[in-house]
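**Student:** just need the structure, nothing else, for what follows:
(one chain, ligands or ions: 1)
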Amino acid sequence: MRGIDVIQIPTTLLAMVDSSIGGKTAVNHPKGKNLVGRFHQPSQVLIDPVFLETLPDREIRSGLAEVIKYGVIADAQLFELLESKDLDALSLEDMVEIIARCATTKAYYVEKDEEDRKGIRAALNYGHTLGHAVESLSKHVLNHGEGVAIGMIAAAMISKENDLMSETEYLRIHNLVEKYKLPSKIPALDHSELIEVMHRDKKAEEGKLRFVLPTGIGREPVLRYVEDETVKRVLEEI
Ligand code: GLY
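**Tutor:** Okay, here's the model as predicted:
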């Protein structure tokens, strides 16, 4: 059905705030997540937060990792909203606000760089360089948001060490991840294998790992090549 029109009706928080918007479609390959795919914009995205009532907490938390991502890369108020609550305190009204804020940020990046070629949309991959590798190497025992949570902390640590963000901002990200009971530490996975998997990811280029490095809370991140040695050291530290 090449190129069939599609309307996305997301039923997970993760899909509502991220993957249903922007036209990325893909399937996983044994060598990595989402390695076979193309861009195909949906003709509509219909989000009904009532679906969230059917989701297990672990799935909500997985979506909240992406919400934290939006807070860091673009929306300090959203980050503060999450800091002021916890999972049990988030009402359906809060969820409506959260989803709307995330969808707005997502649309902003997609409009500026629809096919992810200009290094602008890449900001949405904050936490994903390591996150995808953790997800793949754990054979999806850790889900997407859990991998992204660890990846956000690793990237924030690289930022802190390079004076791109303060220790306080790093700690706020770390604490928010823990507050929503997302993993903040690398599980028992081989660090060299993690680096190998990151090199096979489509975000790696010319033999170098590319990371989205935050520059503060609610501020546009930067895209930087990071040496394997630095990544190895950060993997040991977190
Ligand atoms: N989830 C990242 C993107 O859509 O670009």
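**Student:** the lengthiest helix in the chain vs the ligand: in contact?
**Tutor:** Longest helix of the chain, by residue count under DSSP state H: helix 92-112. No: with Cβ under 6 Å from any ligand atom as the measure, helix 92-112 is seen stopping short of the ligand, the closest distance being 7.0 Å. C-betas here are computed from N, CA, C, even on glycine.
**Student:** give me the mean pLDDT for that helix.
**Tutor:** Regarding helix 92-112, the rounded mean pLDDT is 97.
**Student:** could you list the single helix or strand in the chain with the lowest mean pLDDT?
**Tutor:** Of all helical and strand segments in the chain, the minimum by mean pLDDT, DSSP states H and E falls on strand 32-39, at a mean of 85.
**Student:** name the helix or strand for Y170, please.
**Tutor:** helix 167-179 (DSSP states H and E).
**Student:** moving along the chain from that helix, name the first helix or strand you hit.
**Tutor:** Next along from helix 167-179, by DSSP H and E: helix 191-200.
**Student:** so which elements touch that following helix?
**Tutor:** helix 128-137, strand 209-213, helix 228-237 (3 or more Cβ pairs under 8 Å, 6 or more residues apart in numbering; DSSP states H and E).
**Student:** looking at these, which is closest to the ligand?
**Tutor:** Closest of the helices and strands packed on helix 191-200 to the ligand is helix 128-137, at 7.2 Å (criterion: Cβ to the nearest ligand atom).
**Student:** elements contacting that closest one?
**Tutor:** By 3+ Cβ pairs under 8 Å, 6+ apart, helix 128-137 packs against strand 32-39, helix 144-161, helix 191-200, strand 209-213.
**Student:** circling back to that earlier point, residues of the helix holding Y170 that come out buried?
**Tutor:** 169-170, 172-174, 176-177 (16 or more other Cβ atoms under 10 Å).
**Student:** what average pLDDT does that helix get?
**Tutor:** The average pLDDT within helix 167-179 is 98.
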